[in-house]
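K.L.:
Here's my sequence, what's the structure:
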Amino acid sequence: MVQHRNKRLPLSVPIALGDQTLSEVSVKKPKVKDLKTLQDALAGVEDQLEQGILMAAVLTDLPREAIEEMDTDDFTAISEVIAGFFPKGTASATGAPLQPKPPTG
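P.N.:
Residues are numbered from 1 along each chain as shown. Just a heads-up that it's a prediction; the model follows:
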């Protein structure tokens, strides 16, 4: 069975990105290299909203400024897709989480 790595989401409110208007975004299921990128991006970031913005930017390949311009309903939908990529209760032998916490949009 082949799993789709990307989830396309229509935006309820399109956003401008350069000379384009985006009416949908693609959220990619993270690979290990994406988790490393997220870990680096989230280092020292305590604010959960900021973590969510950074995670959305990495997993949509959009600049953070585009994420910040999104309608909150669209940001929440993206955050829920991202959260669905991370199994609940996954931890290492030491009890530390194996991946960053999903955003809470």
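K.L.:
sec struct for the residue lying closest to Asp71 once chain neighbours are set aside, please.
P.N.:
Leaving aside its sequence neighbours, Asp71 sits nearest to Val13 (CB to CB, 6 or more residues apart in numbering; 4.0 Å). C-beta: built from backbone N, CA, C; applies to glycine. Following DSSP: H, G, I helix; E, B strand; the rest coil, Val13 is assigned to strand.
K.L.:
Give the burial count for Val13, as a bare number.
P.N.:
If you count neighbours by other CB atoms under 10 Å, Val13 ends up with 11.
K.L.:
try Arg8
P.N.:
As a measure of burial, Arg8 has 10 neighbours, counting by other CB under 10 Å.
K.L.:
Can you show me the helices along this protein?
P.N.:
32-42, 48-60, 64-68, 72-85 (DSSP state H).
K.L.:
and the ones you listed as TSV, adding mean neighbour count?
P.N.:
Shown next, in TSV, are these (neighbours: other CB atoms under 10 Å):
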stretch	mean neighbour count
helix 32-42	13
helix 48-60	20
helix 64-68	15
helix 72-85	18
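K.L.:
Okay then, goodbye and thanks.
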